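Colleague: what follows is a protein structure lacking sequence information:
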């Protein structure tokens, strides 16, 4: 009986790990287009948050997590690396992630906000074209 219970427990643990491992990171759906638009909307909100907003730290933390999840999910997709939307998005995400890493307590400078907004608009245009 003890042997049976230990095997049953081992099976349950393996199944739990397998199910958790198959879930999508950070709530990303696995649909590149939808995930990219979700990340863009979150990053636009995080970038334009006023410095004195009480939710700024939480929103920036969510944005950082979403950027990491996005990069982790799509960086090895060879079919995406040739898309203009992906390369532009990767450039924008890397720029914003660099700012958050170097200056976590400072708001995003307006010059960077303007550049990233332009890049995000380009990504949205590319996605509409299927590129």
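Modeller: That came through fine. This structure is a prediction, so every number in the text was calculated from the model and none was measured.

Colleague: quick one: contacts for the nearest residue to residue 97 once chain neighbours are set aside?
Modeller: Using CB to CB, 6 or more residues apart in numbering and skipping residues adjacent in sequence, the residue nearest residue 97 is residue 67, 5.3 Å away. Where you see a C-beta, it was placed from the backbone N, CA and C, and this is true even at glycine. Counting by CB atoms under 8 Å, 6 or more residues apart in numbering, residue 67 touches 39, 43, 93, 96-97.

Colleague: same check on residue 52?
Modeller: Residue 52 touches nothing, counting by CB under 8 Å, 6+ apart.

Colleague: how close does it get to residue 46?
Modeller: Relative to residue 46, residue 52 is positioned 15 Å away (CB to CB, to the nearest Å).

Colleague: low-confidence ranges in the protein?
Modeller: 2-27 (pLDDT under 70).

Colleague: what about the strands in it?
Modeller: Assigned by DSSP state E, the strands in the chain number zero.

Colleague: show me where the protein has helices.
Modeller: Listed from the start of the chain, the chain has helices (DSSP state H) covering 2-22, 32-47, 56-74, 84-102, 110-129.

Colleague: just the buried residues of the fourth one, please?
Modeller: This points to helix 84-102. 85-86, 88-90, 92-93, 96-97, 99-100 (16 or more other CB atoms under 10 Å).

Colleague: residues contacting it, please?
Modeller: Under the contact criterion CB under 8 Å, 6+ apart, helix 84-102 has outside partners 32, 36, 39-40, 43, 47, 60, 63-64, 67-68, 70-71, 74-75, 80-81, 106, 108, 112, 115-116, 119-120, 122-123, 126-127, 131.

Colleague: give me the buried entries from those.
Modeller: Buried subset of the contacts of helix 84-102 (neighbour count, 16+ other CB under 10 Å): 32, 36, 39-40, 43, 47, 60, 63-64, 67, 70-71, 74, 80, 108, 112, 116, 119-120, 123, 126-127.

Colleague: alright, I will stop here.
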